[in-house]
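# structure for this input, please:
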Amino acid sequence: MNASEAKAYIQRWEAVAAIEQQEQQTRSVAENWRQLNAIKRRADRLGITQQADEGEMALFLRWASLKAQHVAD
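Have a look, this model is predicted:
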């Protein structure tokens, strides 16, 4: 692959990325919801689930507290 072929290759993928971004922006909320539900169902069938992590929630709450203190100052 020479330099001009490499440049053309990159330009094609940039064009694909632009089209995909445009499609994402024009998708309806209902379509996004259907897609999210499909991903969730597939994860459930494959046994890929995220277990609740109390430590993670404590971390989120701590950050929220720090943010609230910072905004209040």
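# where does the chain have low pLDDT?
Scanning the chain for pLDDT under 70 picks out the ranges 73.
# same for the host helix or strand of Leu61, what does it pack against?
For Leu61, the element it lies in under DSSP states H and E is helix 54-72. Using 3 or more CB pairs under 8 Å, 6 or more residues apart in numbering; DSSP states H and E as the contact test, no helix or strand touches helix 54-72. (Each C-beta comes from the backbone N, C-alpha and C, glycine too.)
# go through it and flag the buried ones.
The neighbour-count check on helix 54-72 (16 or more other CB atoms under 10 Å) flags nothing as buried.
# what does that helix contact?
In this structure, no residues lie in contact with helix 54-72 by CB atoms under 8 Å, 6 or more residues apart in numbering.
# which parts of the chain are helices?
Secondary structure of the chain (DSSP state H): helices located at 3-26, 29-46, 54-72.
# and the second one, how far out from the chain middle?
How far helix 29-46 lies from its chain's middle: 13 Å, per CA atoms, centre = their mean, to the nearest Å.
# okay, that helix in PDB with CA atoms only?
This file holds the C-alpha atoms of helix 29-46, laid out as PDB (Å, rounded to 0.1, in the frame of the first residue of the first chain):
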ATOM      1  CA  VAL A  29     -35.700   7.700  21.100                       C
ATOM      2  CA  ALA A  30     -37.900   4.600  20.400                       C
ATOM      3  CA  GLU A  31     -35.200   3.200  18.200                       C
ATOM      4  CA  ASN A  32     -32.500   3.800  20.700                       C
ATOM      5  CA  TRP A  33     -34.700   2.200  23.400                       C
ATOM      6  CA  ARG A  34     -35.300  -0.900  21.200                       C
ATOM      7  CA  GLN A  35     -31.500  -1.200  20.500                       C
ATOM      8  CA  LEU A  36     -30.700  -0.900  24.200                       C
ATOM      9  CA  ASN A  37     -33.300  -3.500  25.100                       C
ATOM     10  CA  ALA A  38     -31.900  -5.900  22.500                       C
ATOM     11  CA  ILE A  39     -28.400  -5.500  24.000                       C
ATOM     12  CA  LYS A  40     -29.800  -6.100  27.500                       C
ATOM     13  CA  ARG A  41     -31.700  -9.300  26.400                       C
ATOM     14  CA  ARG A  42     -28.500 -10.600  24.600                       C
ATOM     15  CA  ALA A  43     -26.400 -10.000  27.800                       C
ATOM     16  CA  ASP A  44     -29.100 -11.800  29.900                       C
ATOM     17  CA  ARG A  45     -29.100 -14.800  27.500                       C
ATOM     18  CA  LEU A  46     -25.300 -15.000  27.600                       C
END
